[in-house]
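>>> Curious how this folds, go ahead:
(one chain, ligands or ions: 1)
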Amino acid sequence: MSGRNNKNIRNNNKRPSHTKQLGNDNDRLLQFFKVEGTKRKYLNNEQVEQYNNMGYVFPIDIFSTNEIKKHKSYFDLLVEKAMEKGHDAYSIMNWHNICTGLYDLAYNPKILDIVEDLLGPNLVLFRAHYFCKLPAGQDDRVVTFHQDAPYWPITPSKCVTVWLAITDVNEENGAMTFVDGTHKLGLIPYSKSKKEERNVLNLTVHDPEKYGSNNKKVCLKAGQASLHSDLLLHGSGINESNQPRIGLALSYHPPDVRAVVNGRRGFGFLCRGIDIDNYWNLKPKRPIVDRIPKFHGVGGNMPRQKKKKNNNKKKAKL
Ligand SMILES: O=C(O)CCC(=O)C(=O)O
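Alright, predicted model coming up:
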């Protein structure tokens, strides 16, 4: 191997800086794509119109009380196993191909039918992240106002997030707030969050009221979901109740979206229809058991790049 290649290995081993990890905003087309067409499986015209006009729609009934109870029990066990390995209540992010119950939700046909109504018949699963806010006293973190698109190294901004309530969600326990119509504003200026903001994520849009005065609290019953565009401004406060508030955010995009950072296409899995360019990964087989990943410390919004073995590091120094 040439010295030059060794240098590349060394560079890849470094934890990418914020910009390198997510790509440059200028390399991405950040604009809202209106939902067209009328042939639908689940949503009615009014709901789609609301999504187009407001950038979100809720509540959407997905699971019955009994069904969601099972998903809650699954999460309770999963988070216990995760915590045993050093993870916290927000760490279960993009484990959908290694954890059975999460796989079943992320690739669930009912959920895909709903997303299909907004994005068409070909769908790529991009992220799956449980947001479990523990009661105040155990968890003082918030999700500061943000748009999702600047977090994601893909273009154009066509992601829809299904936020599935695993528990009831209300104003007291930290429901999200959506700011009406902000999905039409393109990229809203943001900055890296400061430690004192206690943000679960790491980017903040300050003064959200500058971008819209109509805020909606996303109150949901367990088993219902909200749908939001990746350009919608949203955030959530702390959980002031004495019970955990749990939601699962599942984000999807059509296959014509592209990764803007090398290697980042590894995050998308075709979960319905076809990908004519064969660009994204195929949906893997259902895992048989939950495989809890090693804890690597607190990270950003994306899984870490694989660490190269130490002997590469040694070579890189030569
Ligand atoms: O669960 C929350 O409070 C925030 C979730 C969120 O920001 C997202 O799914 O994009």
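>>> Just read off the phi/psi values of residue 36.
Here is the backbone geometry of residue 36 (degrees, to the nearest 10): phi -110, psi 180.
>>> And for residue 145?
Backbone torsions for residue 145, taken as degrees, to the nearest 10, come to phi -60, psi 140.
>>> Am I right that it is in contact with residue 236?
No: at 9.3 Å, residue 145 does not count as touching residue 236 under the criterion of CB atoms under 8 Å. No exception for glycine: its C-beta is placed from N, CA and C like everyone else's.
>>> Now the common contact residues for these two.
In the contact map built from CB atoms under 8 Å, 6 or more residues apart in numbering, the residues linked to both residue 145 and residue 236 are residue 177.
>>> can you pull the contacts of residue 259?
Counting by CB under 8 Å, 6+ apart, residue 259 has contacts 153, 154, 265, 267, 268.
>>> Local confidence estimate at the third one?
The reference is to residue 265. What the model reports as pLDDT for residue 265 is 69.
>>> what does the last one give?
As predicted, residue 268 sits at a pLDDT of 94.
>>> so what's it up against?
Residue 268 neighbours (CB under 8 Å, 6+ apart): 124, 125, 126, 154, 253, 257, 259, 280, 281.
>>> Bridged to the second one, which residues?
When bridges are called by DSSP bridges, residue 125 pairs up with residue 252, residue 269.
>>> separation between it and residue 196?
Distance from residue 125 to residue 196, counting by CB to CB, to the nearest Å: 34 Å.
>>> List, one by one, the residues from the stretch 201-318 of the chain near the ligand.
Taking CB under 6 Å from any ligand atom, the part of the stretch 201-318 of the chain that reaches the ligand is made up of 234, 236, 247, 249.
>>> Select only the buried ones of those residues in ChimeraX?
Buried subset of those, written as a ChimeraX selection, criterion 16 or more other CB atoms under 10 Å:
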select :234,236,247,249
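>>> Would you state the strands of the stretch 1-150 of the chain in chain order?
Here the stretch 1-150 of the chain has its strands, by DSSP state E, counting those that start in this stretch, at 56-61, 123-133, 143-146.
>>> wait, which of the ones you listed is closest to the ligand?
Proximity to the ligand (CB to the nearest ligand atom) singles out strand 123-133 among the strands of the stretch 1-150 of the chain, at 3.2 Å.
>>> tally of neighbours for the nearest residue to residue 97 once chain neighbours are set aside?
Nearest residue to residue 97, sequence neighbours excluded (CB to CB, 6 or more residues apart in numbering): residue 284, at 5.1 Å. For residue 284, the neighbour count with other CB atoms under 10 Å is 12.
>>> pretty sure residue 227 belongs to a helix, no?
No: counting by DSSP: H, G, I helix; E, B strand; the rest coil, residue 227 is not found in a helix; it is strand.
>>> wait, it sits on residue 114?
Yes: between residue 227 and residue 114 a contact is recorded at 7.1 Å, counting by CB under 8 Å.
>>> shared neighbours, the two?
Common contacts of residue 227 and residue 114 (CB under 8 Å, 6+ apart): 60, 162.
>>> Pull the contacting residues for the residue positioned nearest the centre of the chain.
By CA atoms, centre = their mean, the chain has its centre lying nearest to residue 127, at 4.6 Å. Contacts for residue 127 (CB under 8 Å, 6+ apart) come out as 93, 94, 152, 249, 250, 251, 267.
>>> Bridged to the first one, which residues?
According to DSSP bridges, the residues that bridge with residue 93 are residue 129.
>>> unless I'm mixing things up, it is touching residue 131, no?
No: using CB under 8 Å, residue 93 is not in contact with residue 131, being 9.4 Å away.
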